[in-house]
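Peer 1: I would like to see how this sequence folds:
(2 chains)
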2 protein chains.
Amino acid sequence: MCLIMEADDHDGCVLVAPQNFSMVENGVYRSSFPKPEHFGFLTALNLRSIIYLCPEPYPEEILKFYEANNIRLFQFAIESQKDPPTPIPEDTVMAALRVLVDVRNHPILIHCKAGKHRTGCLVGCLRKVQNWCWSSVLEEYQKYAGSKCRQRDMKCIETFDTVSLRQCLLSIMYRYLGYGPNRKRLLYGEENVQTPKPQATNV
Amino acid sequence: MCLIMEADDHDGCVLVAPQNFSMVENGVYRSSFPKPEHFGFLTALNLRSIIYLCPEPYPEEILKFYEANNIRLFQFAIESQKDPPTPIPEDTVMAALRVLVDVRNHPILIHCKAGKHRTGCLVGCLRKVQNWCWSSVLEEYQKYAGSKCRQRDMKCIETFDTVSLRQCLLSIMYRYLGYGPNRKRLLYGEENVQTPKPQATNV
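Peer 2: The predicted structure follows:
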C-alpha cells in the first residue's frame, strides 16, 4: 500500500481492512477471511497472491475479484482444531512456506478464517526461519490469537524444522543467482525476481 | 528485514524483538522502548531513523548504538497520560507525522515507552491519512493497547486533521517532482528519494 494515497483517491473511498489485518514483512500481509467490503483495501495492497489455509472452497464472488485483479490463489487445506486436536501436518506448512518466501508471489496475503491460529502458525514458522527468538515469536502469535492460544499451534511452530526450508531456499537461490559470492542469500524484493539475462559471449 | 537471513547469519545470533514490535508499512516499524538486547534485531531492520515520543532523555548506551549505526533520532515530547488526562498536542503529532511520511527517513521505527498509546496515536493518525475507516484504525490501536484503551488517544486520532498534513505533503512532492502529471502523489519507497538530476540543455 502506498504510504500516502493519491490526493484524489480518498474521495468517497474509505478503506475497510479485513479483521486481524497486519503487515508481516515487505510484501507479506496477514488477515482474517476477506469479504467483498474489503475489495477496496485489497486493491490498495496490489496483491499478486493469496495463501489460503482452510480446506473449505472459496466463495465465488471473491474468486472472481481475484481473477479480475490477476491475484493467484494458493490453497493449503489445514483442518480447524477438533477435539481432540490433530497435529498440523508439517509438509503442508512447508509447502505454504515455500510459496510465502518466494518473492515472485509478492505482494502476498496469508489468511485462514479468523486470521488467528492457522495464519499465526505459518507466520510463526516464518519468524523461526528469520531467526526470531521464541519469546518474540510467541508474543506475535498471541497478539493475533488473543485469548485463544492453542497448544497444537505452539507445537507446530516449535517443532517446525527450518533446516529443510533453508535447503529448499538455497536451491531457489542457486537457480536464480548461480554459485557466485551471493549464493547463500535469497535476495529480497525485486532483486531476485528477474531471471538473469543471457550474456553475450565472444566466440 | 530480509525475509530470509543469510545462511550464516543465524549461527549463534537469535533475534530478540522489542515488545509490541510490528511492521506498519514498508519501511515503517513500531515497538516499545528498545533495549540493548534488541540491538541485533534493530541492526537487521537496517534503520535510518527513530521517532521517539516521550519527553524523557534517551539512555546513553542506546544513543551510542544509534550513532555507530548512523541512525538519526527524532524526539517528540508527548507527556504520558496524567489524571485528569491532558490532550495530546496536535502540532506535536503533526510534526512527528511529517518526519514519518518522509521516505528519506526510512526505514524508521516509532516507539514510546510501551509501544501502546503514544505510538498507537501516531500510527492511528497515519492510518487516517491513508484513508482507513475508523473501525480498522480502532482495531489496530486496540491490538497493541490491549486492555488499556485510552480516551485521550481516541480523541487525538479522531480529531486529527488530515487536510493540513496532505497540504504539507503536496509541498514536499512539488519540491521533489515539480508540477508534472504526478504532482498530486507522494511516491513511495525509493522513487522520490532521488533529487532530479540536472538536465542537459541545448542552447
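Peer 1: Can I get stretch A:45-64 in PDB, CA atoms only?
Peer 2: Extracted as PDB, the C-alpha positions of stretch A:45-64 are listed here (Å, rounded to 0.1, in the frame of the first residue of the first chain):
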ATOM      1  CA  LEU A  45      -2.300  -3.700  -1.400                       C
ATOM      2  CA  ASN A  46      -1.800  -4.500  -5.100                       C
ATOM      3  CA  LEU A  47      -1.700  -8.200  -4.300                       C
ATOM      4  CA  ARG A  48      -0.200 -10.800  -6.600                       C
ATOM      5  CA  SER A  49      -1.100 -13.900  -4.500                       C
ATOM      6  CA  ILE A  50      -3.200 -15.200  -1.600                       C
ATOM      7  CA  ILE A  51      -2.300 -18.100   0.700                       C
ATOM      8  CA  TYR A  52      -5.500 -19.700   2.000                       C
ATOM      9  CA  LEU A  53      -5.100 -22.100   4.800                       C
ATOM     10  CA  CYS A  54      -8.500 -23.800   5.100                       C
ATOM     11  CA  PRO A  55     -10.000 -26.900   3.400                       C
ATOM     12  CA  GLU A  56     -13.300 -25.200   2.500                       C
ATOM     13  CA  PRO A  57     -13.900 -24.000  -1.000                       C
ATOM     14  CA  TYR A  58     -13.600 -20.300  -1.800                       C
ATOM     15  CA  PRO A  59     -16.700 -18.000  -2.300                       C
ATOM     16  CA  GLU A  60     -17.300 -17.500  -6.000                       C
ATOM     17  CA  GLU A  61     -17.700 -13.700  -5.700                       C
ATOM     18  CA  ILE A  62     -14.200 -13.300  -4.200                       C
ATOM     19  CA  LEU A  63     -12.700 -15.700  -6.700                       C
ATOM     20  CA  LYS A  64     -14.000 -13.500  -9.500                       C
END
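Peer 1: Show me what counts as buried in that stretch.
Peer 2: Using 16 or more other Cβ atoms under 10 Å in any protein chain shown as the burial criterion, the residues of stretch A:45-64 that qualify are A:Leu45, A:Leu47, A:Arg48, A:Ser49, A:Ile50, A:Ile51, A:Tyr52, A:Leu53, A:Cys54, A:Ile62. Heads up, the C-betas are built off the backbone N, CA and C, glycines and all.
Peer 1: Of those residues, which is the nearest to chain B?
Peer 2: A:Leu45 (11.0 Å; Cβ to the nearest Cβ).
Peer 1: you'd agree that closest one is up against A:Pro107?
Peer 2: Yes. The pair A:Leu45 and A:Pro107 qualifies as a contact (Cβ atoms under 8 Å) at a distance of 5.7 Å.
Peer 1: Mutual contacts of these two, please.
Peer 2: With Cβ atoms under 8 Å, 6 or more residues apart in numbering or on different chains applied, the overlap between the contact sets of A:Leu45 and A:Pro107 consists of A:Tyr29.
Peer 1: which residues in chain A form helices?
Peer 2: Taking DSSP state H as the test, the helices found in chain A are A:39-45, A:60-68, A:90-101, A:118-129, A:134-145, A:151-159, A:162-177.
Peer 1: Kindly provide the whole-number mean pLDDT of the second one.
Peer 2: Right, the one you point to is helix A:60-68. Summarised as a single mean, pLDDT over helix A:60-68 is 98.
Peer 1: Against which helices or strands is it packed?
Peer 2: On a contact count with 3 or more Cβ pairs under 8 Å, 6 or more residues apart in numbering or on different chains; DSSP states H and E, helix A:60-68 meets strand A:72-75.
Peer 1: So in that sheet, which strands flank the strand it packs on, and in what orientation?
Peer 2: When sheet partners are counted by DSSP bridges, strand A:72-75 sits next to strand A:49-52 (parallel).
Peer 1: Give me the distance between the partner strand and the centre of its chain.
Peer 2: 7 Å (Cα atoms, centre = their mean, to the nearest Å).
Peer 1: Let me know the closest of the buried residues of stretch A:45-64 to B:Cys112.
Peer 2: Nearest to B:Cys112 among the buried residues of stretch A:45-64: A:Leu45, at 27.6 Å, using Cβ to Cβ.
Peer 1: and the closest one, how far is that from A:Phe21?
Peer 2: Using Cβ to Cβ, to the nearest Å, A:Leu45 is found at 9 Å from A:Phe21.
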